[in-house]
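**Student:** one predicted model, sequence on top.
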Amino acid sequence: MQKLEKRIFASDVNESNDGLAGYLLGWVHEVRDLGALVFLILRDITGTCQLSLRRNELSKESLSELEKISKESVIMVDGVVRAEPKSRLGAEVKVMSIKVLSKSVEPLPYDVVGKVKASMNTRLEYRILDLRRPEHRAIFLIGDTVLNACREYLRSLGFVEVRTPRIIATATEGGASLFEVKYFDKIAYLAQSPQLYKEELVTIFERVFEIGPFFRAEESHTRRHISEFTSIDIEAAFSNYEDVMDILEGLIVHVIMKVLFERKRELELLNVNLKVPRRPFLRITYDEALRELESIGIKKKWGEDFTTEELRQLGRKHLGFYFITHFPTDSKPFYIKPCESNELLSESFDLMYQWLELSSGGTRISDRALLERRIREKGLNPSAFNYHLKVYDYGMPQHAGWGLGFERLLMVLTRKTNIRETILFPRDKFRLMP
RNA sequence: GCCUGGGUAGUAUAGCCAGGUCUAGUAUCGGCGGCUGUCGCCCGCCGGACCCGGGUUCAAAUCCCGGCCCAGGCGCCA
């Protein structure tokens, strides 16, 4: 087949390109065979477009290629873009020749067009077909913009991107929920957070961030938990919880503006009407949240973390993004700094979107003696943290930071209610494949 | 870890509670045929399924027990 020199993308197939000649590459999304006239919907990275083929105008070779066509086959066609009022899209490609580059099997185990519903299990079993649906692919195109916008924003504030180990010798935040791995003749663990490393690294770079996968061996089986997730983490020297809350707010706003600008088409595909939230985000304290719950008849013992039902109630009241601050010190990990005015409270916060926890952070303890005390109070063994504690002897500035769940943020931005939809290949207690 | 619900063609479902009329219905899908403007094309014919094992019963997709698998909720967390 002779190839015209210019590749035309699906998004080029519109009225203003009437007369444009070239070739198209992509996957057969749909086939509508009317006999003498055949319509194919072609899908490429830019979207879908319609191809029209008249059997009596095709060569013998192209006709035999056309007989091989099946949904999801990879094809190449030569053709011309035509403004076409008879097509609802206003334009189509009049095909001169067609070649099947890679034939797909029939029947496919999964309906890419979406005429028939698929269960979450089927979708994940055939994830690579599931992702071919434009509205599923759109989630990850938005995700790409989110990651880019995060890097752009944090670097603009002087943060340095770092990479810390995924394979660690001991727990960072308590003993539970770690995956064991065989490490030569030793037992090691998969990191559940970069917490201690990023704190140490502020003594080198002052401001660091890391975007990467972390692992939690939680028994959770819910729509918002997976065992391998992506965390966006920052840590900043000479800063407290309020400083990093401002950064988090600014990041969310920047990300949303960027997504609105770069991913209009994807947002439309997902039918999402995204709005830039107004700053500053609402901030309520733990004690205020407790009073709000009490006013609707939920009495809660002071000191405990919120249950899911309580968060749902708070989320009903506070739509959109908001912070809950000043959690009881004992409900937080050992490295969170207690308030100087009241040691029972901590300089901590969670960023919420309605009832979903997106991020949690705070001012960290920068004094070694206090940190050791808190480790002990948490029932952990300080000697397990020897390497970390030593760092506090070498000049440790006040610092603060947070960790933001990337997939959860993506859930919020794409209005998805199951986190498995916002990660390409989810891992949970029951799923290790594909 | 605890609790709840579910498993019927490739996919998604009806049927199950109240066992027989289920030779298991429908949609999509696949095969064949027809169709020159479809756009979730349409029309006709054909094809394909009761998770596994045991039990109850004259009779089991349906009831009971065990197993496997899946979905969701709680606690915990991002």
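**Tutor:** Thanks, I have it. Everything quoted here is computed from the prediction, not taken from an experiment. Numbering: from 1, shown residues only, chains lettered A, B, ... in the order given.
**Student:** okay, now the domains of chain A?
**Tutor:** Domain assignment for chain A by automatic domain parsing gives A:10-102, A:128-422.
**Student:** export stretch A:157-174 as CSV, just CAs?
**Tutor:** This file holds the C-alpha atoms of stretch A:157-174, laid out as CSV (Å, rounded to 0.1, in the frame of the first residue of the first chain):
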residue,chain,number,x,y,z
LEU,A,157,8.6,27.0,45.3
GLY,A,158,12.1,25.7,45.5
PHE,A,159,11.4,22.1,46.3
VAL,A,160,13.8,19.5,45.1
GLU,A,161,12.6,16.1,43.8
VAL,A,162,14.1,13.2,45.7
ARG,A,163,13.9,9.5,45.7
THR,A,164,14.0,7.5,48.9
PRO,A,165,14.3,3.7,49.3
ARG,A,166,11.3,1.4,48.7
ILE,A,167,13.1,-1.4,50.5
ILE,A,168,13.6,-0.7,54.2
ALA,A,169,14.8,-2.6,57.2
THR,A,170,12.3,-1.5,59.8
ALA,A,171,8.9,0.0,60.1
THR,A,172,8.7,3.8,59.9
GLU,A,173,5.4,4.4,61.6
GLY,A,174,4.7,1.3,63.7
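**Student:** can I get the domains of chain A in a markdown table including mean neighbour count, mean pLDDT and distance to residue A:122?
**Tutor:** C-beta coordinates here come from the backbone N, C-alpha and C atoms, glycine included. Compiled in a markdown table, the domains of chain A are given as follows (neighbours: other CB atoms under 10 Å; pLDDT from 0 to 100; distance: least, CB to CB, whole Å):
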| stretch | mean neighbour count | mean pLDDT | distance to residue A:122 |
| --- | --- | --- | --- |
| domain A:10-102 | 17 | 93 | 16 |
| domain A:128-422 | 17 | 92 | 8 |
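**Student:** next, format these as TSV and append distance to RNA strand B.
**Tutor:** Listed next are the domains of chain A as TSV, based on distance: least, CB to the nearest atom of the strand, whole Å:
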stretch	distance to RNA strand B
domain A:10-102	3
domain A:128-422	3
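**Student:** distance check, residue A:351 against residue A:365.
**Tutor:** Relative to residue A:365, residue A:351 is positioned 21 Å away (criterion: CB to CB, to the nearest Å).
**Student:** check residue A:29 too.
**Tutor:** Residue A:29 sits at a distance of 56 Å from residue A:365 (criterion: CB to CB).
**Student:** again with residue A:196
**Tutor:** Residue A:196 sits 12 Å away from residue A:365 when distances are taken as CB to CB.
**Student:** can stretch A:107-126 be said to contact RNA strand B?
**Tutor:** Yes - applying CB under 7 Å from any atom of the strand, one finds that stretch A:107-126 is in contact with RNA strand B at A:107-111, A:113-122, A:124.
**Student:** which residue ranges form the helices in the stretch 251-400 of chain A?
**Tutor:** Residue ranges of the helices in the stretch 251-400 of chain A, as given by DSSP state H, counting those that start in this stretch, are A:264-270, A:286-295, A:308-317, A:368-377, A:386-391.
**Student:** quick one: contacts of the third one?
**Tutor:** When contacts are taken as CB atoms under 8 Å, 6 or more residues apart in numbering, the neighbours of helix A:308-317 outside the stretch itself are A:289, A:292-293, A:296, A:298, A:300, A:306, A:324, A:352-357.
**Student:** make it 6 Å
**Tutor:** When contacts are taken as CB atoms under 6 Å, 6 or more residues apart in numbering, the neighbours of helix A:308-317 outside the stretch itself are A:289, A:293, A:354, A:355.
**Student:** that one vs helix A:286-295, what angle?
**Tutor:** For helix A:308-317 against helix A:286-295, the angle by axes from the mean of the first three to the mean of the last three CA atoms, to 10 degrees is 90 degrees.
**Student:** over to the fourth one?
**Tutor:** Relative orientation of helix A:368-377 and helix A:286-295, computed by the same axes, to 10 degrees: 40 degrees.
**Student:** run the chain-centre distance for helix A:368-377.
**Tutor:** When distances are taken as CA atoms, centre = their mean, to the nearest Å, helix A:368-377 is centred 35 Å away from the chain's centroid.
**Student:** same check on the first one?
**Tutor:** Relative to the chain's own centre, helix A:264-270 is displaced by 16 Å; criterion: CA atoms, centre = their mean.
**Student:** give the other helices and strands that that helix contacts.
**Tutor:** Contacts defined by 3 or more CB pairs under 6 Å, 6 or more residues apart in numbering; DSSP states H and E place helix A:264-270 against helix A:134-156.
**Student:** past the helix it packs on, which element shows up next along the chain?
**Tutor:** Counting by DSSP states H and E, the next helix or strand C-terminal to helix A:134-156 is strand A:160-161.
**Student:** following that following strand, which helix or strand shows up next?
**Tutor:** Moving toward the C-terminus from strand A:160-161, the next helix or strand (DSSP H and E) is strand A:167-168.
**Student:** that next one pairs with which strands?
**Tutor:** As defined by DSSP bridges, the strand partners of strand A:167-168 come to strand A:186-190 (antiparallel).
**Student:** list the helices and strands the host helix or strand of residue A:233 packs on?
**Tutor:** Mapping residue A:233 onto the secondary structure by DSSP H and E places it in strand A:228-237. Strand A:228-237 is packed against helix A:195-205, strand A:207-215, strand A:399-405, helix A:406-414, with contacts defined by 3+ CB pairs under 6 Å, 6+ apart.
**Student:** at 7 Å instead, please
**Tutor:** Contact partners of strand A:228-237 among helices and strands, from 3 or more CB pairs under 7 Å, 6 or more residues apart in numbering; DSSP states H and E: helix A:195-205, strand A:207-215, helix A:241-262, strand A:399-405, helix A:406-414.
**Student:** which secondary structure elements does the second one contact?
**Tutor:** The one in question is strand A:207-215. In terms of contacts (3+ CB pairs under 7 Å, 6+ apart), strand A:207-215 is packed against helix A:134-156, strand A:160-161, helix A:195-205, strand A:228-237.
**Student:** just the angle between it and helix A:406-414, please?
**Tutor:** Compare the direction of strand A:207-215 with that of helix A:406-414 by the same axes, to 10 degrees and you get 100 degrees.
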